[in-house]
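A.B. asks: pasted the sequence and its predicted model underneath.
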Amino acid sequence: MHVDELEFAFAAEMSDADALEPRTLPEAQRRPDWALWEHAIREELATLDAMGTWELVDAPAGANVVGSKWVFRAKKDATGSV
């Protein structure tokens with residue numbers, strides 16, 4: 001495969017991934033497949049809660065609280081199908 005063809009194939013693959021995966025929660029909420037993403041979020045939160053991953057506490061005054069964000073990834077099988 002020529003370098004230009006490889007770059008094109010990579011760009012095409014990235015475009016497909018971008019179409020499947022929202023970048024932010026509000027973007028996910030606007031999508032027609034939001035119910036699927038919401039279900040995955042609820043499952044993930046339930047799993048993390050069941051494992052005792054965190055404990056909610058009040059932040060001390062002046063604390064530098066670390067934020068977080070959702071990262072959405074469409075799971076694919078060995079053939080690349082979602």
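C.D. replies: Sure thing, it's come through. What you see is a predicted model; the values in this text were computed from it and never measured.
A.B. asks: and the gap between residue 39 and residue 46?
C.D. replies: Separation of residue 39 from residue 46 (Cβ to Cβ, to the nearest Å) stands at 11 Å. Backbone N, C-alpha and C define where each C-beta goes, glycine included.
A.B. asks: ugh, typo on my part, it should be residue 30
C.D. replies: 24 Å.
A.B. asks: kindly report the same for residue 35.
C.D. replies: Counting by Cβ to Cβ - residue 35 and residue 46 are separated by 16 Å.
A.B. asks: mind listing the helices for this structure?
C.D. replies: 3-20, 25-29, 34-50 (DSSP state H).
A.B. asks: weakest of those helices in terms of mean pLDDT?
C.D. replies: When the helices of the chain are compared by mean pLDDT, helix 3-20 comes last with a mean of 58.
A.B. asks: closest to the centroid, which residue in the protein?
C.D. replies: Residue closest to the average C-alpha location in the chain (Cα atoms, centre = their mean): residue 72, at 1.2 Å.
A.B. asks: so it touches residue 26, yeah?
C.D. replies: No - in terms of Cβ atoms under 8 Å, residue 72 does not count as a neighbour of residue 26; the distance is 11.8 Å.
A.B. asks: count of neighbours near residue 40?
C.D. replies: For residue 40, the tally of surrounding residues (other Cβ atoms under 10 Å) stands at 16.
A.B. asks: and if you look at residue 28?
C.D. replies: Neighbours around residue 28, by other Cβ under 10 Å: 19.
A.B. asks: what's the answer for residue 53, then?
C.D. replies: By other Cβ under 10 Å, neighbour count at residue 53 equals 9.
A.B. asks: and the one 5 residues further on, by the same measure?
C.D. replies: Using other Cβ under 10 Å, the number of residues around residue 58 comes to 6.
A.B. asks: before we move on, what about residue 36?
C.D. replies: Residues contacting residue 36 under the criterion other Cβ under 10 Å number 12.
A.B. asks: same check, this time on residue 25
C.D. replies: Residues lying near residue 25 (other Cβ under 10 Å) number 14.
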